[in-house]
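Colleague: Model the following, please.
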Amino acid sequence: MLNYINLDLIFHALADPARRVMVERLSQGPASVSELAKPLAMSLPAVVQHLQVLEASGLVRSEKVGRVRTCRIEPVVLSTAEQWISERRTSWEHHLDKLGDYLAEHPDE
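Modeller: Residues are numbered from 1 along each chain as shown. Model prediction:
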């Protein structure tokens with residue numbers, strides 16, 4: 001069973017377009033905060049705030065070496081959201097299959 005508190009944090013983190021851009025970039029490999037900030041039209045402090053949300057959700061972790069903070073994606077955490085979505089999709093596909101069967105058996109209704 002999924003931990004729904006963590007799931008809420010993950011979906012909250014992914015709800016923002018800027019954070020999704022960061023996650024997209026990090027899915028290609030580690031990046032510094034300044035690299036993550038380049039495509040975004042916001043200040044560096046705003047980028048850091050978004051990264052804090054991503055880190056609080058567990059989607060991203062970072063480490064500071066010298067003056068550079070490098071961020072990495074946590075694929076296991078991202079798979080939690082994927083698992084939840086997959087379970088919903090499977091459930092709805094099952095319901096729609098049953099509806100299709102019913103409609104095929106009762107074409108005049």
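Colleague: low pLDDT regions in the protein?
Modeller: 1-5 (pLDDT under 70).
Colleague: Which strand or helix spans Arg61?
Modeller: If you go by DSSP states H and E, Arg61 is part of strand 60-65.
Colleague: Would you mark the buried spots in that strand?
Modeller: Val60, Ser62 (16 or more other Cβ atoms under 10 Å). C-beta here means a position set from N, CA and C on the backbone, and glycine is covered the same way.
Colleague: Do I have it right that Arg61 meets Arg72?
Modeller: Yes: counting by Cβ atoms under 8 Å, Arg61 touches Arg72, with 5.7 Å between them.
Colleague: and the gap between Lys98 and Thr80?
Modeller: 28 Å (Cβ to Cβ, to the nearest Å).
Colleague: Show me which of these two is the more surrounded one.
Modeller: Thr80 (19 against 10; other Cβ atoms under 10 Å).
Colleague: Taking strand 60-65 as reference, get the angle to the helix or strand the more buried one falls within.
Modeller: Thr80 belongs to helix 75-105 when assigned by DSSP H and E. Interaxial angle, helix 75-105 versus strand 60-65 (axes from the mean of the first three to the mean of the last three Cα atoms, to 10 degrees): 170 degrees.
Colleague: name the helices or strands packed onto helix 75-105?
Modeller: Here helix 75-105 touches helix 4-14, going by 3 or more Cβ pairs under 8 Å, 6 or more residues apart in numbering; DSSP states H and E.
Colleague: The helix it packs on relative to helix 75-105, how many degrees between them?
Modeller: With the same axes, to 10 degrees defining the directions, helix 4-14 sits at 100 degrees from helix 75-105.
Colleague: Okay, buried residues for helix 4-14 please.
Modeller: For helix 4-14, by 16+ other Cβ under 10 Å, it's Leu7, Leu9, Ile10, Ala13, Leu14.
Colleague: if I look at Leu99, how far off is Arg20?
Modeller: Leu99 is 33 Å from Arg20, where distance means Cβ to Cβ.
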